[in-house]
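> sequence and predicted structure below; questions after.
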Amino acid sequence: MISFDQIVSSFLPSLLEGMAVNFEIAGIAIALGLALGLILALARLRGGAGGAVAASAITLMRAAPTFVVMFFLLNALPRGAAVSGVMAVALSLLPYSAAFVADSGVDALRHVRAGSMLGALLFLPNVMRAFFVLVMSSSAGAAIGVGEGIAAILHEAERLSSLDDRLILFAIGVAAFGVPLQFGFALLRFVQKWLGIHLTRNRQEAT
């Protein structure tokens, strides 16, 4: 069976280092998504031809598969282009990130126009939810050799001959990703519920 010393000395450091890459990729993707998504949200609210183009672009980005976008970028970019694996994965997640930010941004801007800053604040937990989804989606980087968390798990599993040891390894990996992400989702649900209660109360008081 896999030993505790082996887990602590070899696997956990590489797993934590890989998970840091997952968060780095998600951070880049959400930052780029905020920039592009808010521009698209403003265009949608203005309407007209620009709004129609923005709405069509958002629809297409929602449907863009991460793997397809990633391999398209890798093959479309000129050879020798200075784009790291991390950046390639982050860019492949940009369509989802920008589409999510655009949809949430439209709702937030409508709340601002209506004078409800509390309603607009729902944008923040929505963006954090997208960030956590991007952390999980960043595991696509394993397919092109990016040293993120899933790649670290698979690399360590290849060194083990016992199925039981591999299952233990995978369970540790699931817990390492699952526990903090589920805690984050639970916290976001609490914040959204709190904002929703206060938003409803403010509307009732206004009427």
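Alright, I've got the coordinates.

> and the pLDDT for residue 201?
Each residue has a pLDDT score; the one for residue 201 is 75.

> residue 95 now?
93.

> which helix or strand in the protein has the lowest average pLDDT?
In the chain, the helix or strand scored least confidently by mean pLDDT, DSSP states H and E is helix 4-6, which has a mean of 57.

> ok, residue 29 - contacts?
Residue 29 makes contact with 90-91, 93-94, 96-97, 134, 138 under the criterion C-beta atoms under 8 Å, 6 or more residues apart in numbering. Yep, even glycine has a C-beta here, placed from its N, CA and C like the rest.

> one step back: next secondary structure element downstream of the least confident helix or strand of the chain?
Per DSSP states H and E, helix 4-6 leads on to helix 12-46 as the next helix or strand towards the C-terminus.

> for this structure, which helix extends over the most residues?
Of all segments of type helix in the chain, defined using DSSP state H, the longest is helix 163-206.

> what is that helix packed up against?
Identification of packing neighbours for helix 163-206 by 3 or more C-beta pairs under 8 Å, 6 or more residues apart in numbering; DSSP states H and E yields helix 12-46, helix 117-120, helix 123-137, helix 149-158.

> mind checking the ones you listed for the one nearest to residue 197?
Residue 197 lies closest to helix 117-120 among those, at 10.3 Å (C-beta to C-beta).

> could you dump that closest one to PDB, C-alpha only?
Taking Å, rounded to 0.1, in the frame of the first residue of the first chain, the C-alpha atoms of helix 117-120 are listed here in PDB:
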ATOM      1  CA  MET A 117     -27.000  48.700  -5.700                       C
ATOM      2  CA  LEU A 118     -27.700  45.700  -3.400                       C
ATOM      3  CA  GLY A 119     -29.100  43.800  -6.400                       C
ATOM      4  CA  ALA A 120     -26.000  44.800  -8.400                       C
END
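
> without its sequence neighbours, what residue ends up closest to the residue most central in space within the chain?
By C-alpha atoms, centre = their mean, the chain has its centre lying nearest to residue 134, at 1.5 Å. Sequence neighbours aside, residue 26 is the residue nearest to residue 134 in space, at 3.8 Å (criterion: C-beta to C-beta, 6 or more residues apart in numbering).

> the closest residue to residue 135 other than its chain neighbours: how many residues sit nearby?
Closest residue in space to residue 135, ignoring its immediate chain neighbours: residue 26 at 4.4 Å, by C-beta to C-beta, 6+ apart. Residue neighbour count, defined by other C-beta atoms under 10 Å, stands at 24 for residue 26.

> the longest helix of the chain vs helix 12-46, what angle?
In this structure, helix 163-206 runs at an angle of 30 degrees to helix 12-46, with axes from the mean of the first three to the mean of the last three C-alpha atoms, to 10 degrees as the basis.

> quick revisit: shouldn't the residue nearest to the centre of the chain be in contact with residue 93?
Yes. Between residue 134 and residue 93 there is a contact under C-beta atoms under 8 Å: 5.5 Å.

> low-confidence stretches in the chain?
Across the chain, the stretches falling below the confidence threshold (pLDDT under 70) are 1-9, 78-82, 202-207.
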